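K.L.:
Next come a sequence and a model predicted from it.
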Amino acid sequence: MPAAKASLRLLFNATRTGVLLEASEERKTALARLALKFPGAGRPAPCALEIPIDEFLAGIETLAAWPDPAGVEWEPTLAELVQEELAYAQEAAARLADGTSGPTVAQEEVGGFLGAGWRADLTSFQRRDIAQLLAASHAANFSVPGAGKTRVALAIYAARREEGKIRRALVVAPKSAFESWAAEADLCFENSPKVAFVDSGGLLAQAEILVVNYERLPRMAEMLAGWLSAAPSMIVLDEAHRMKLGLKGAYGAACMELGPLARCRMILTGTPAPNGAKDLENLMSFVWPGQGRRKVQHAVAGGDLAHASRVLRPLFSRTTKAELGLPKVDFKVARVELPPLHNEIYAALCGQFSQRAAASQSDLDSIGRSTLQLIMAATSPALLAEGTTRYEPLEHQVPALDPDENASLLSLLHRLPQYEMSPKYKELLRIVSKNRQEGKKTLVWSTFIRNLTTAGRLLAEYNPALVHGGVTDREVQLAQFRTDPDCWVLLSNPATLGEGINLHHHCHDAVYIDRDFIAGRFLQSLDRIHRLGLPPDAETNVTLLVANGTVDEVVAERLAGKLEFMGQILDDPGVQALADPYEEVSYADGMTDRDVQVLMAHAASVSSKG
């Protein structure tokens, strides 16, 4: 007798990033009912349904309601993937249930799992993390920056390759980290695996470790899906907080689609929840498709973050700042008062902000742009005025002129540097001058490039180096700062230099002219000068410039809350301590609903006083 026709066929879609459900004509209505359970599903044909893999795995139990179970037919490779994911779900659930990390190898035995070709030294905490991570099919390493997460990831790669589970790895990383991955691979293996970078061309199919940056990932997802599927592979997300938006962001959606195609998944980030639980949900959904989000939601639901940390601890490894044995950071807040004209212009901008924000509360990009304007104006409103070039530095008049009392406020804004110098610039000059007298170099951070170029002009006698996204000789500038005895200052923005670079051997003092709402970026930038390798007697000094009565205070308050949350969820007092230093690109990236509420309250308060 001929085989009965399947009433439902399940197979990979063309790009292998989703599941295609094809129903028989007579089961069309049943398929339509099934579609209601998957909000992200598409309908490529009347009797077909296409579902992203992560969403399919999250709702796979709904297939139990299919009216003809015997008529369900699976593509073998898809069935194998689903079985593996269900098995891992059970494994992870068991780890959470008994509150342990599962069976681990002894730290002293870790070397035996890495194969004869491994040659790199490992610290005791790296061995501990490797032992814990090897106990899980998939892994999350939330160790602080500077703890050697790249080396730990390569060790897991070596161990999985040695046991025959994988043959190669896809690494998704910021472009600034590319060099680190190639260098570490050379250091870790006698015969270094072939490392290739997607942006360099070449024979990518022959790569053992293929590295791609987040910006390229969405448009290359189909090619990378084929690469992952062509051989048993591992996927590593370095600085994984970059996909914290999950399916709502382009990077996150691509990562979530590709993740299930790998036999082994791993995420690396020292800042897994920079804005709260939602970030952590998305990261754990990548490691544990279909289940990670639910478990995080359940753990955090009661609001007891210490309890949530204990519940979730079996799912990740973490080396804390304290375990690195580093000397503490000396945080200082330098508060400055706005001079009269600056203060008047800032108040006017706050009035405009509150009107714009009230009219477009649902438009985060609009609010984000307004927010950046306020952060910039807290340093100098003149930065908002267009120059002859995009990053033209402000020209300050010395000595200052008296403002024309009959001039419009807009005119005064454009000419503000002729009348007043920003108190932040004055304080920056004082700090850099003092450090120079003591023979110390200074790293200066600002969110805005025009702020950096202006500071660079004011600090010209200190021969500053400058690195931002538009600089083409980045390595030359960094080398100048590191090796030129006459170069006393490096000016940069966290978005460009906040990751993938080490400056702790050359600089121990940093100044933040301003900060934004992105807690993870702030932490990452701090670790450029405070990381493994510092001598025990090193003094690391960080100064935050805050203009009284401005958005600087709002940013400080909101960052403190986010850092406290991260410290509690990770059970890491070192992070919690950063939440209160006062004891001594979408534009809206990093802003939560609460950030917006607090910001609007600030703007309304300032404008009402004006």
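P.N.:
Perfect, thanks for sending it. Residues are numbered from 1 along each chain as shown.
K.L.:
Going by C-alpha atoms from here, please, whenever you check contacts or count neighbours.
P.N.:
Noted.
K.L.:
my guess is Cys78 meets Phe12, correct?
P.N.:
I think there's a mix-up here, since residue 78 is Leu and not Cys. Yes - using CA atoms under 8 Å, Leu78 is in contact with Phe12, at 6.5 Å.
K.L.:
So for the two, which residue has more residues nearby?
P.N.:
Taking other CA atoms under 10 Å, Leu78 and Phe12 do not tie; Phe12 has more neighbours (21 against 16).
K.L.:
who's in contact with that one?
P.N.:
Neighbour list for Phe12: Gly18, Val19, Leu20, Glu75, Leu78 [criterion: CA atoms under 8 Å, 6 or more residues apart in numbering].
K.L.:
What values do phi and psi take at the fourth one?
P.N.:
This means Glu75. phi -70, psi 130 (degrees, to the nearest 10).
K.L.:
any idea of the mean pLDDT for stretch 375-383?
P.N.:
Average pLDDT, stretch 375-383: 93.
K.L.:
Output it as CSV, restricted to C-alpha atoms.
P.N.:
These are the backbone C-alpha positions of stretch 375-383, laid out as CSV (Å, rounded to 0.1, in the frame of the first residue of the first chain):
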residue,chain,number,x,y,z
ILE,A,375,23.9,66.1,27.5
MET,A,376,26.0,68.1,25.0
ALA,A,377,24.5,71.4,26.3
ALA,A,378,25.5,70.5,29.9
THR,A,379,29.1,70.9,28.6
SER,A,380,28.5,73.8,26.2
PRO,A,381,25.3,74.7,24.3
ALA,A,382,27.6,76.1,21.5
LEU,A,383,28.4,72.5,20.6
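K.L.:
Okay, buried residues for that stretch please.
P.N.:
Ile375, Met376, Ala377, Ala378, Thr379, Ser380, Pro381, Ala382, Leu383 (16 or more other CA atoms under 10 Å).
K.L.:
In helices, which of those residues fall?
P.N.:
Ile375, Met376, Ala377, Ala378, Thr379 (DSSP state H).
K.L.:
biggest separation within the buried residues of stretch 375-383, which pair?
P.N.:
Greatest spatial distance in the buried residues of stretch 375-383: Ile375 and Ala382, 12.2 Å, computed using CA to CA.
K.L.:
Follow the chain on from the least confident helix or strand in the chain by mean pLDDT and name the next helix or strand.
P.N.:
Here the helix or strand of the chain ranked lowest by mean pLDDT, DSSP states H and E is helix 573-577, holding a mean of 68. Sequence-wise, the next helix or strand downstream of helix 573-577 (DSSP states H and E) is helix 593-609.
K.L.:
chain center to that next one: distance?
P.N.:
27 Å (CA atoms, centre = their mean, to the nearest Å).
K.L.:
ditto for stretch 285-302
P.N.:
The answer for stretch 285-302 is 19 Å, by CA atoms, centre = their mean.
K.L.:
quick one: the strands in the stretch 351-500 of the chain?
P.N.:
Here the stretch 351-500 of the chain has its strands, by DSSP state E, counting those that start in this stretch, at 442-445, 465-467, 489-492.
K.L.:
chain center to the longest helix along the chain: distance?
P.N.:
Secondary structure of the chain read by DSSP H shows that its longest helix is helix 76-98. Chain-centre distance of helix 76-98: 27 Å, with CA atoms, centre = their mean.
K.L.:
on contacts alone, who are the packing partners of it?
P.N.:
Applying 3 or more CA pairs under 8 Å, 6 or more residues apart in numbering; DSSP states H and E, we find helix 76-98 packed against strand 8-12.
K.L.:
Mind listing the strands the next helix or strand after the strand it packs on pairs with, and their directions?
P.N.:
Per DSSP H and E, the first helix or strand lying C-terminal to strand 8-12 is strand 18-23. Taking DSSP bridges as the criterion, strand 18-23 forms sheet pairs with strand 8-12 (antiparallel), strand 48-52 (antiparallel).
K.L.:
Just want the angle from the first one to helix 76-98.
P.N.:
What it means is strand 8-12. Relative orientation of strand 8-12 versus helix 76-98 (axes from the mean of the first three to the mean of the last three CA atoms, to 10 degrees): 80 degrees.
K.L.:
start at 6 instead
P.N.:
With 6 as the first residue, the last one maps to strand 13-17.
K.L.:
Would you mind listing the buried residues in strand 13-17?
P.N.:
Leu13, Arg14, Leu15, Leu16, Phe17.
K.L.:
who's in contact with the third one?
P.N.:
What it means is Leu15. Val24, Leu25, Leu26, Glu27, Val77, Glu78, Trp79, Glu80, Leu83.
K.L.:
quick one, strands of the stretch 106-255 of the chain?
P.N.:
144-146, 173-177, 200-202, 214-217, 238-243.
K.L.:
Might you report the residue contacts of Ala382?
P.N.:
Per CA under 8 Å, 6+ apart, neighbours of Ala382: Tyr351, Leu388, Leu389.
K.L.:
ok, 10 Å please
P.N.:
347-348, 350-352, 354-355, 376, 388-389, 418, 427, 555-556 (CA atoms under 10 Å, 6 or more residues apart in numbering).
K.L.:
For Leu83 and Phe17, list the residues in contact with both.
P.N.:
Val24.
K.L.:
Switch the strands paired with strand 23-28 over to TSV; also include mean pLDDT and distance to Leu531.
P.N.:
Supplementary listing: the strands paired with strand 23-28 in TSV, determined by pLDDT from 0 to 100; distance: least, CA to CA, whole Å:
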stretch	mean pLDDT	distance to Leu531
strand 13-17	94	44
strand 53-57	91	37
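K.L.:
Mind telling me the two of the buried residues of strand 13-17 farthest from one another?
P.N.:
Going by CA to CA, the pair spanning the buried residues of strand 13-17 furthest: Leu13 and Phe17, at 13.4 Å.
K.L.:
who touches stretch 400-418?
P.N.:
Contacts for stretch 400-418 (CA under 10 Å, 6+ apart): 346-347, 349-351, 353, 382, 385-390, 420-427, 459, 462-463.
K.L.:
Low-confidence bits of the stretch 506-615 of the chain, can you list those?
P.N.:
Judged by pLDDT under 70, the stretch 506-615 of the chain has its weakly predicted residues at 576, 578-579, 581-595, 615.
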